[in-house]
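Colleague: Sequence and computational prediction follow.
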Amino acid sequence: MELASITTRLVDVPLASPIGTAIHQMSSIGCVLVDATTTDCVTGQGYALALNADRIGSLDEMITGLATRLVGRSATETEGIWEDLWSLINPMGHKGVTISAMSALDAALWDVVGKSLEISLHRLWGSCRDSIPTYASSGLWLSMSIDELTDQAQSFIDHGFTAMKIRLGSSSMANDVARVAAVRDAIGPDVTLLADANQSLDPKAAIRLGRALEPYALGWFEEPVPAFDLAGHRRVRDALDVPIASGETEYTRFGMASMLDAGAADILMPDLQRIGGFTEFRRAAALCSAYNTPISAHLFTEHSLCLAGSIPGMMSVEHFDWLHDLFNEQPELADGHLMIPNRPGHGFTFNEDAVTRFSLT
């Protein structure tokens, strides 16, 4: 399984309409697609993304630069390659674009391994389940009106979701409470409702809002304060009964370790791109297990499923439909769960027609 070539392609996938959170305004998702091909013509695929395709050229350049060090090596050297790249990026740092590039390459290499052995990655790693709970995350945006929120919440239920996430962080706490109250009233008491403040509050404001939202039985309160404020996370966690979820902005297992040591969250949310790919995600999951802390995969719905099928401590996978058109295969939803695919590798391949349609080159 010697690597013969690693190539990239740039695409920009438009969203159905512009959306906003307390800290984001988004109209598209730009991606660097990675194809790693072996001398026996097996191709593994991975990708990295950038909201609105911002600075996607820098991401592509980093991936391409690191990829030159991998050609000629065996794709099965996943651990060795990861460690070599980790050493290589030391002068530029172990956060940001360097880790994002490593993550995309790591996913492509593992896809090669699974496809070469004709086995799904979750079975290669040791399967623990055939499906995983999910929640609808492609909606209930801060930029939506209350009527739009309630209509979309009902649509999620109609599509088979049993959990969904609403974004908070408006200029008025009363407005945030009213939005949550309206959605809870629309979906009833049996649907899980999660809330995400997108790092928009200080600890005191987060505590006040969390207490005001207690009657609405939230499943978790996500990123209530800035990601770097671990002490603030701990203050909010200690003051509220609702579980605090965070960690999507942390890099590698060392970022997860910092959050665990600080007692910053009840649920950690590793992001496949920031965590360092499949290799490092599994390490981070093992670390969280040692702290009896559950994890929920952030973003990257399709590629997170193979991890979910092999990590007992993963409680859910976030469901985003942003990139569904980019793949030939689609996640299967049934009774609020996503099925773990049994296809070789991570189970998803790029739709070449879509790649051409969304191409930036």
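Modeller: Now that the structure is in, tell me what you want to look at.
Colleague: Show me how far the helix or strand hosting residue 157 is from its chain's centre.
Modeller: Here residue 157 sits within helix 146-158, counting by DSSP states H and E. Centroid separation for helix 146-158 versus its chain: 23 Å, with Cα atoms, centre = their mean, to the nearest Å.
Colleague: Name the residues of the longest strand seen in the chain that are buried.
Modeller: Longest strand in the chain by number of residues (criterion: DSSP state E): strand 3-20. Neighbour-count burial for strand 3-20, counted by 16 or more other Cβ atoms under 10 Å, picks out 3, 6, 8, 9, 10, 11, 12, 13, 19. Any C-beta I mention is one placed from the backbone N, CA and C, and that applies to glycine too.
Colleague: again, but for stretch 116-130
Modeller: By 16+ other Cβ under 10 Å, the buried positions in stretch 116-130 come out as 116, 117, 119, 120, 121, 122, 123, 124, 125.
Colleague: next one: stretch 88-107
Modeller: Per 16+ other Cβ under 10 Å, stretch 88-107 contains these buried residues: 89, 95, 97-107.
Colleague: Do a quick rundown of the helices in the protein.
Modeller: 56-67, 78-88, 97-117, 121-125, 146-158, 173-187, 203-212, 230-239, 252-262, 272-275, 277-290, 301-308, 352-358 (DSSP state H).
Colleague: Pull the helix holding residue 157 out as CSV, backbone CA atoms only.
Modeller: These are the backbone C-alpha positions of helix 146-158, laid out as CSV (Å, rounded to 0.1, in the frame of the first residue of the first chain):
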residue,chain,number,x,y,z
ILE,A,146,-39.2,32.8,16.2
ASP,A,147,-41.8,31.7,13.6
GLU,A,148,-39.0,30.4,11.4
LEU,A,149,-37.5,28.5,14.4
THR,A,150,-40.7,26.8,15.3
ASP,A,151,-41.5,25.8,11.7
GLN,A,152,-38.0,24.4,11.3
ALA,A,153,-38.2,22.5,14.6
GLN,A,154,-41.3,20.8,13.4
SER,A,155,-39.6,20.0,10.1
PHE,A,156,-36.8,18.3,12.0
ILE,A,157,-39.3,16.1,13.9
ASP,A,158,-41.0,15.3,10.6
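Colleague: got the angle for that helix vs helix 173-187?
Modeller: Angle, helix 146-158 to helix 173-187, by axes from the mean of the first three to the mean of the last three Cα atoms, to 10 degrees: 40 degrees.
Colleague: And helix 146-158, what's buried?
Modeller: So, applying 16+ other Cβ under 10 Å, buried residues of helix 146-158: 149, 150, 152, 153, 156, 157.
Colleague: re earlier: please identify which pair of the buried residues of stretch 116-130 lies farthest apart.
Modeller: Farthest pair in the buried residues of stretch 116-130 (Cβ to Cβ) is 116 and 122. Separation: 16.2 Å.
Colleague: tell me the domain boundaries of this protein?
Modeller: 3-118+353-358, 123-339 (automatic domain parsing).
Colleague: Make JSON lines out of these and add mean pLDDT and distance to residue 347.
Modeller: Output for the domains of the chain, formatted as JSON lines (pLDDT from 0 to 100; distance: least, Cβ to Cβ, whole Å):
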{"stretch": "domain 3-118+353-358", "mean pLDDT": "96", "distance to residue 347": "8"}
{"stretch": "domain 123-339", "mean pLDDT": "97", "distance to residue 347": "6"}
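Colleague: Start and end of stretch 203-221, how far apart?
Modeller: 13 Å (Cα to Cα, to the nearest Å).
Colleague: Correction: the previous question concerned stretch 78-97.
Modeller: By Cα to Cα, the extent of stretch 78-97 from end to end equals 20 Å.
Colleague: Name the residues that touch that stretch?
Modeller: 55, 58-59, 62, 66, 69-70, 73, 98-99, 102, 105-106, 109-110, 113, 251-252, 254-255, 276-280 (Cβ atoms under 8 Å, 6 or more residues apart in numbering).
Colleague: Now restrict these to buried residues only.
Modeller: 59, 62, 66, 70, 98-99, 102, 105-106, 109-110, 113, 251-252, 255, 276-280.
Colleague: quick one: the closest residue to residue 125 other than its chain neighbours and residue 126, what's the gap?
Modeller: Once flanking residues are discounted, residue 125 sits nearest to residue 310: 4.0 Å by Cβ to Cβ, 6 or more residues apart in numbering. To residue 126, residue 310 is 6 Å away according to Cβ to Cβ, to the nearest Å.
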